[in-house]
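> sequence-free structure coming up:
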């Protein structure tokens, strides 16, 4: 923990069965959890479609998005991250909270999306790559072309405000869009 910051390297689940639980995450470069205010807005947007949904968190990091979705009643949550230390911590949180519908896997998001999709595609996908990584566009492209999404899927995209949204597949519709500090976040409907 960083000196002077009681909650450094901790997230708080803000809704659902595990509301108020504080969970630690590793101190790694580029690991930037989605803040409480942004998550509250996002999950208000997703509330009508979240119960029982199949969710994919491509850059899980702290687990803020995937664990929040599981706490709020998602039917399946797959959390991916490249860092073994992060995945071990996510697996520990899943076990500690008894989230039987969630699993964490060590994987590179782009390589994972290059594989054949599951029999049942995802209803909600969280795309929150490290800022300045250039990964958002390629991920959206693979989701679009690879059969990963249900016909009424929602894709949450979080980027730096200076990163252009022009990389989105042309058929995708922006349903909601907001900014908070350096973060631009959007809820998208692939059509």
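Perfect, I can see it now. It should be emphasised that the depicted structure is a prediction, and the values quoted were computed from it without experimental measurement.
> quick one, what contacts the closest residue to residue 28 other than its chain neighbours?
Closest residue in space to residue 28, ignoring its immediate chain neighbours: residue 83 at 6.1 Å, by Cβ to Cβ, 6 or more residues apart in numbering. From N, CA and C alone the C-beta is placed, and that goes for glycine too. The neighbours of residue 83, taking Cβ atoms under 8 Å, 6 or more residues apart in numbering as the test, are 26, 28, 106.
> show the buried residues in those residues.
Taking 16 or more other Cβ atoms under 10 Å as the criterion, what is buried in the contacts of residue 83 is residue 106.
> closest one of the contacts of residue 83 to residue 57?
The shortest approach to residue 57 among the contacts of residue 83 belongs to residue 106, at 13.3 Å (Cβ to Cβ).
> who does the closest one bridge with?
When bridges are called by DSSP bridges, residue 106 pairs up with residue 81.
> now it: how far from residue 88?
Going from residue 106 to residue 88 by Cβ to Cβ, to the nearest Å gives 9 Å.
> could you do residue 28 as well?
As judged by Cβ to Cβ, residue 28 and residue 88 stand 12 Å apart.
> wait, residue 142 touches residue 136, no?
No: using Cβ atoms under 8 Å, residue 142 is not in contact with residue 136, being 11.2 Å away.
> ok, those two, which is more surrounded?
For residue 142 versus residue 136, neighbours defined as other Cβ atoms under 10 Å are more numerous around residue 136 (24 against 20).
> which residues does that one contact?
Taking Cβ under 8 Å, 6+ apart as the criterion, residue 136 is in contact with 127, 129, 157, 159, 163, 167.
> using a markdown table, lay out those together with neighbour count and secondary structure.
Below are these laid out as a markdown table (neighbours: other Cβ atoms under 10 Å; DSSP: H, G, I helix; E, B strand; the rest coil):
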| residue | neighbour count | secondary structure |
| --- | --- | --- |
| 127 | 23 | strand |
| 129 | 22 | coil |
| 157 | 25 | strand |
| 159 | 23 | strand |
| 163 | 18 | coil |
| 167 | 15 | helix |
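> now those residues in TSV, with pLDDT and distance to residue 35?
Formatted as TSV, the contacts of residue 136 follow (pLDDT from 0 to 100; distance: Cβ to Cβ, whole Å):
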residue	pLDDT	distance to residue 35
127	96	17
129	91	16
157	94	16
159	89	14
163	72	18
167	73	24
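> do you have the strands of this structure handy? List them.
Along the chain, the stretches classed as strands by DSSP state E are 10-12, 22-24, 54-57, 76-81, 102-106, 122-127, 149-160, 173-180, 183-189.
> I'd assumed residue 24 was in contact with residue 86.
No: between residue 86 and residue 24 there is no contact under Cβ under 8 Å: 11.4 Å.
> so for the two, which residue has more residues nearby?
In this view residue 86 and residue 24 are compared by other Cβ under 10 Å, and residue 86 has more residues nearby, 23 against 15.
> save the strands of the chain as TSV, and put in distance to residue 69 too.
Conversion of the strands of the chain to TSV gives the following (distance: least, Cβ to Cβ, whole Å):
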stretch	distance to residue 69
strand 10-12	13
strand 22-24	14
strand 54-57	5
strand 76-81	5
strand 102-106	8
strand 122-127	7
strand 149-160	10
strand 173-180	17
strand 183-189	14
